[in-house]
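> what's the 3D shape of this:
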Amino acid sequence: MEPIVSPPRAAAPAMTAAEVEAFLDREFPQIHFGGRTYRVEAVGPLSSRLRMAYHERHIRPGGTISGPAMMALADLALYVAILAQIGPVALAVTTNLSFNFLRKPGQRDLVAECRLMKLGKRLAVGEVSIFTDGEPEVVCHATGTYSIPDR
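Below you'll find the model as predicted:
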């Protein structure tokens with residue numbers, strides 16, 4: 001049986017959570033249309049943690065938080081993890097996202113935990129687990145790829 005090999009250690013992030021949030025406020029103020037929904041709670045080596053505030057505008061028929069709301073949260077969590085690691089690169093763009101909706105989220109804040117699995121010069125690949133605040137079960141699992149422009 002082959003031993004499990006840990007991924008290489010990532011360098012410390014180039015940006016703090018506060019710096020990433022300030023960058024988003026400056027470059028993408030439209031994400032706060034209708035009020036601040038997203039908070040960058042933490043960034044770390046190849047990781048991020050975001051919170052999406054619960055609001056009725058995210059509810060779909062059946063009383064659950066909509067898939068598009070969770071998709072936006074996952075996409076933003078990936079973007080934040082990448083920015084935190086490489087610095088303020090506004091033109092890093094999503095090239096692929098895949099979602100598995102696993103269970104109905106509660107009508108509370110959602111928390112996204114992102115881990116980058118690969119951060120290369122041109123591509124970043126990561127996964128995001130979304131939880132209802134205070135609950136241990138994953139409600140949505142996403143994987144995504146970003147294209148990173150020349151720096």
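> Of all residues in this structure, which one is nearest the centre?
Ala77 (1.1 Å; C-alpha atoms, centre = their mean).
> so it is in which element?
For Ala77, the enclosing helix or strand under DSSP states H and E is helix 67-86.
> Show me which residues of that helix are buried.
Residues of helix 67-86 classed as buried: 69-86 (neighbour count, 16 or more other C-beta atoms under 10 Å). All C-beta spots, glycine's among them, are computed from the backbone N, C-alpha and C.
> Beyond it, next helix or strand please.
strand 93-101.
> In its sheet, which strands sit next to the next helix or strand after that following strand, and in what direction?
Per DSSP H and E, the first helix or strand lying C-terminal to strand 93-101 is strand 110-119. Paired with strand 110-119 in the same sheet, following DSSP bridges, are strand 47-52 (antiparallel), strand 123-132 (antiparallel).
> So what touches the helix-or-strand element of the chain with minimal mean pLDDT?
Using mean pLDDT, DSSP states H and E, the weakest-scoring helix or strand in the chain turns out to be strand 59-60, at a mean of 89. With contact meaning C-beta atoms under 8 Å, 6 or more residues apart in numbering, strand 59-60 is reached by Ile65, Ser66, Gly67, Gln107.
> Show me what the helix or strand harbouring His141 is packed against.
Element membership of His141 [criterion: DSSP H and E] is strand 138-147. Applying 3 or more C-beta pairs under 8 Å, 6 or more residues apart in numbering; DSSP states H and E, we find strand 138-147 packed against helix 67-86, strand 93-101, strand 123-132.
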